[in-house]
Structures are given as C-alpha cells and as structure tokens.
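J.: Below is the sequence, then the predicted model.
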Amino acid sequence: MASPARQFVLRRGSALRKPGLVASALAAGALVLSGCAAPYEAPSDSNEEYTAPPVWTGSPAPAGHGEEDDHSGDDSGGPSRTVRATLNAADGTSVGTVTISESADHLEIRAKVDADSELLSPGFKGMHIHEIGECEPDSQAPDGENTGDFLSAGGHLQLEGATHGGTGMSGDLTSLYVLEDGSGELVTLTDRLTIDDLLIGDGTSIMIHEGPDNFGNIPERYTGGAGPDEQTRNTGDAGSRVACGVIE
C-alpha cells in the first residue's frame, strides 16, 4: 500500500491529466488576475480619500501668475499713445521709419533706416524734430529767405526757450549712426516733449541731416573766446537736410 504522500502525488498527477480540470483551474486563475487593480489605480474598496487637483473657476489668478514683461505701455497703467513717420529722401525714396511712443513721463523714439549710400552716407547724422509738419523737397523756408530741400519743415522744435548752448532745444535728439551699407537703428528717450506737443497746430516732422550735430559744443578756446555762433545754436551745424517725415 502506498504511503499518504505517494497517494497525494498520484491523485494530483491524475487530475492534471484531465483537460476539464485544467481548464477550470486556468479560468479561476484568470478571474483572480482580472480582479487585481493595476499598480497605478486605487483599489475599489480603498478607504483613502481622493483629493482632486485645483481648478481655476474664473476667480482672479494668483499674484504673479502669467505675468509677462511689456515695455510698450504707459508706466502709469493707462494706455500709451504712438505716432509714426515715414522718412523720405528728396527724390521721394523711402529710407526709413520712426515710431514715437508716449510713456508716463517721457517719449521713446525708435528710428530705423535702410538706404542707398548715395542717399544716406555712412557716419553720424543729426536727427531732430522740426516745428512744422511739412516735408516738401525744394521748398521755401517759413521766413521766405531760403529755398532748399525740406525747408518747409521750419527749424528745430522749440517749446521751452532752451538753445544748443544750454540743455538743448526741445526737438534735439540723439544722433543716428549709419553703417557702411546705409542701414542704421536708434532707440532714444526724451522728456522734453509729449505726443500733444508733436501734434499741436500744423504738426511736426522729424529730420535727418547730412552730418552730425555738435549740440553747440564748441569750446571757446577754439574760437578765441567767441563760442558757438547763432547758426550753431540753432542747427548744431548738422548740414543739409537729407530725409524728412511728417509725424502723424
């Protein structure tokens, strides 16, 4: 007679040789596996409380969320105003653009030129705001004494009575540097003007001159103590007018 252990082995072997019993065992195993939760899923009978992620419902965003730098607006929080001018040479060729934006207490001027070297030679160019919004080639100056390109724009804009010998005229701006290929860019600021100043009356214009502006910086030792003359104070000795644009 076989021992109890031997009888167990014989009975198990007999069961495994019966297909029906094998199929039942496999089905039972599949049921057990299908009932197991995936590693990333909480069991259905879990007592752990689920906390939903935060969702915005239209209330103000948290402070600092989604803020981006924006330097184009008025620092005071109000809307900024912008005026523009297209710079044309005396023959009508467009040589650049100027954008003037108003901030809380100053104007930002952005000038960009791209021209043939015959229209804009390389080097520093005096750039000023002129007192009349007219850019007529071969025109007469307001005083009627001279005729030349863009003289219809009048002289440098003057609001405060300053001259080149002091803090500069109201319409004085930083000089523009033109590269060898005729291109140039300038971003500069002024607190001597507002948008309203540029649009009052007959309007104003922006001018590029043939040469640099010395801003009346002529030491007396070079002139025997005389200092800058009246023309230097008025024009900065920047030379002829080579490009002009009405501000609008």
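T.: Now that the structure is in, tell me what you want to look at.

J.: Follow the chain on from the helix or strand bottoming out on mean pLDDT in the chain and name the next helix or strand.
T.: None of the helices or strands of the chain scores lower by mean pLDDT, DSSP states H and E than helix 19-34, at a mean of 44. Moving toward the C-terminus from helix 19-34, the next helix or strand (DSSP states H and E) is strand 82-89.

J.: Next, please give the residue ranges for the strands of this protein.
T.: Along the chain, counting by DSSP state E, strands occupy 82-89, 94-102, 107-114, 123-125, 127-130, 139-140, 147-148, 176-178, 183-190, 205-209, 241-246.

J.: The ones you listed: which one's closest to Asn217?
T.: Across the strands of the chain, Asn217 has its closest neighbour in strand 123-125 (13.2 Å, Cβ to Cβ). Where you see a C-beta, it was placed from the backbone N, CA and C, and this is true even at glycine.

J.: which of the residues in the closest one are buried?
T.: By neighbour count on 16 or more other Cβ atoms under 10 Å, the buried set for strand 123-125 is 124-125.

J.: Can you work out which other helices and strands pack against it?
T.: If you count contacts as 3 or more Cβ pairs under 8 Å, 6 or more residues apart in numbering; DSSP states H and E, strand 123-125 packs onto strand 176-178.

J.: mean confidence score for the strand it packs on?
T.: Mean per-residue pLDDT for strand 176-178: 94.

J.: what sits up against that strand?
T.: Contact partners of strand 176-178, identified using Cβ atoms under 8 Å, 6 or more residues apart in numbering, comprise 111, 113, 120-125, 127, 184, 186, 208.

J.: how does it look with 10 Å?
T.: With contact meaning Cβ atoms under 10 Å, 6 or more residues apart in numbering, strand 176-178 is reached by 95-96, 98, 111-115, 117, 119-127, 184-186, 188, 208-209, 212-213, 243.

J.: PyMOL command for the buried members of those residues?
T.: Entered in PyMOL, the line below selects the buried ones among the contacts of strand 176-178, by 16+ other Cβ under 10 Å:
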select buried, resi 95+96+98+111+112+113+114+115+119+120+124+125+126+127+184+186+208+209+212+213+243
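
J.: Could I get the buried residue list for stretch 197-208?
T.: Buried residues in stretch 197-208, counted by 16+ other Cβ under 10 Å: 197-198, 204-208.

J.: what does stretch 187-197 give?
T.: Residues 190, 192-195, 197 are the ones in stretch 187-197 that count as buried (16+ other Cβ under 10 Å).

J.: next one: stretch 103-112
T.: For stretch 103-112, the neighbour count (16+ other Cβ under 10 Å) marks 103, 107-109, 111-112 as buried.

J.: Give me the average confidence score over that stretch.
T.: What stretch 103-112 shows for mean pLDDT is 94.

J.: Start at 2, not 1
T.: With 2 as the first residue, the last one maps to stretch 104-113.

J.: could I have that stretch exported to CSV, CA atoms only?
T.: Taking Å, rounded to 0.1, in the frame of the first residue of the first chain, the C-alpha atoms of stretch 104-113 are listed here in CSV:
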residue,chain,number,x,y,z
SER,A,104,5.2,106.6,-21.5
ALA,A,105,4.4,108.1,-18.1
ASP,A,106,7.0,110.9,-18.2
HIS,A,107,8.9,110.6,-21.5
LEU,A,108,8.8,109.7,-25.2
GLU,A,109,10.6,106.7,-26.7
ILE,A,110,11.8,107.2,-30.2
ARG,A,111,12.7,104.3,-32.4
ALA,A,112,14.3,105.1,-35.8
LYS,A,113,15.3,102.6,-38.4
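
J.: Alright, that wraps it up for me.
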